[in-house]
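In: Sequence and predicted model, in that order:
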Amino acid sequence: MTFRLKKDTRVWDKLKRDMSPRNGLELRVGFFEGNYGPENENLNVAQVAQFNEEGTSNNPTRPFIRVGFMAPIKGGAYNKNFKESIQRILSGQSSFKDEYKKLGAIAVRDLKKSIADWDTPPNSPRTIENKGFNNPLIDSGLMYDSVDFKVERKGSN
């Protein structure tokens, strides 16, 4: 009696292609578009986010990205999501691009939550009076609304 086995490597070959450095994708989360109006010197939203993150000579540091968003990720907050994504990819139920899109939507939600929840240090009494509320990272809502994600080839701009 003879047996003939045929090795099916289609899923493995696809996985290797998807993970190849020259075909690699990356997930970017941040502020890609948008400008404030002339009352705010037409500043780019990403620049305002950086001013808030790092502080300026007139405004305190509010590290909503490093502390509010990245620290939980580095602490393992997304480990379950990553594991489930890899399982779907390995079982052939999904692709890297589709999983990056799912993770991107989760990351946008979490970065927006960090912006909305950030309260340290609070606004000055004068700023609270001008805004009518005390949310240090929200004024017009443009920065909050501008959070987005992109799935692109590594190294592309």
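Out: Happy to help now that I have it. Residues are numbered from 1 along each chain as shown.
In: List the buried residues in the helix or strand containing residue 111.
Out: Assigned by DSSP states H and E, residue 111 falls within helix 96-117. Neighbour-count burial for helix 96-117, counted by 16 or more other CB atoms under 10 Å, picks out 96, 99, 100, 103, 104, 107, 110, 111, 112, 114, 115. For the C-beta atoms, the positions are set from N, CA and C on the backbone; glycine is no exception.
In: Sort those residues by pLDDT and name the bottom one.
Out: Among these, residue 96 has the lowest pLDDT, at 87.
In: Could you work out the end-to-end span of stretch 142-155 for me?
Out: End-to-end distance for stretch 142-155: 28 Å, by CA to CA, to the nearest Å.
In: Please disregard the earlier target; I meant stretch 53-72.
Out: Note: stretch 53-72 ends 16 Å apart using CA to CA.
In: So for that stretch, mean pLDDT?
Out: Taken as a whole, stretch 53-72 has a mean pLDDT of 95.
In: same check, this time on stretch 10-24
Out: On average, the pLDDT along stretch 10-24 is 67.
In: what about the strands in this protein?
Out: Secondary structure of the chain (DSSP state E): strands at 25-31, 147-153.
In: closest one to residue 126 among the ones you listed?
Out: Among the strands of the chain, strand 25-31 comes nearest to residue 126, with 26.6 Å by CB to CB.
In: quick revisit: looking at the strands of the chain, which is closest to residue 64?
Out: Nearest of the strands of the chain (CB to CB): strand 147-153, 10.7 Å.
In: Sheet-wise, list the partners of the closest one with their directions.
Out: In the sheet, strand 147-153 lines up against strand 25-31 (antiparallel) (DSSP bridges).
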